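[1] structural data only, the sequence is not supplied:
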């Protein structure tokens, strides 16, 4: 499983959500979101589910 960072960024742009807003929606620190967007975090199914839930997306749509 590989989370597609570009798909996350596109979904964020589509919704007008920036990293701090996504962090707030997820109850996470901004630094954690930046780590995901840099590809250094977010390699678990739990992270994928949290991202999808916060973005209102289907988890499979955020995969490569």
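    Now that the structure is in, tell me what you want to look at. Note that the coordinates shown come from a computational prediction; the quantities given were computed from them, not determined experimentally. Numbers count the residues shown, from 1 in each chain.
[2] make it CA atoms for all contacts and neighbour counts henceforth
    Will do.
[3] in what helix or strand does the one residue sitting closest to the centre of the chain lie?
    Central residue of the chain (CA atoms, centre = their mean): residue 51, 4.1 Å from the mean position. Per DSSP states H and E: residue 51 is located in helix 45-55.
[4] so what does that helix touch, helix or strand wise?
    helix 19-26 (3 or more CA pairs under 8 Å, 6 or more residues apart in numbering; DSSP states H and E).
[5] just give the nearest non-adjacent residue to the residue of the chain most remote from its centre, would you?
    Here the chain reaches farthest from its C-alpha mean at residue 1, the gap being 14.3 Å by CA atoms, centre = their mean. Leaving aside its sequence neighbours, residue 1 sits nearest to residue 63 (CA to CA, 6 or more residues apart in numbering; 7.1 Å).
[6] one more: residue 5?
    residue 37 (5.9 Å).
[7] quick check, the one you found in contact with residue 7.
    No - between residue 37 and residue 7 there is no contact under CA atoms under 8 Å: 10.4 Å.
[8] out of those two, which sits in the more crowded spot?
    residue 37 (18 against 14; other CA atoms under 10 Å).
[9] ok, now which ones touch the closest residue to residue 38 other than its chain neighbours?
    Leaving aside its sequence neighbours, residue 38 sits nearest to residue 5 (CA to CA, 6+ apart; 7.9 Å). If a contact means CA atoms under 8 Å, 6 or more residues apart in numbering, then residue 5 has 36-39, 62 as its contacts.
[10] likewise for residue 7?
    Residue 7 neighbours (CA under 8 Å, 6+ apart): 61-63.
[11] highest neighbour count among those?
    In terms of neighbours by other CA under 10 Å, the contacts of residue 7 top out with residue 62 at 21 neighbours.
[12] dump the residue contacts of the residue nearest to residue 1.
    Residue 63 neighbours (CA under 8 Å, 6+ apart): 1-4, 7.
[13] show the pLDDT at it.
    At residue 63, the model reports a pLDDT of 94.
[14] look up how far residue 8 lies from it.
    9 Å (CA to CA, to the nearest Å).
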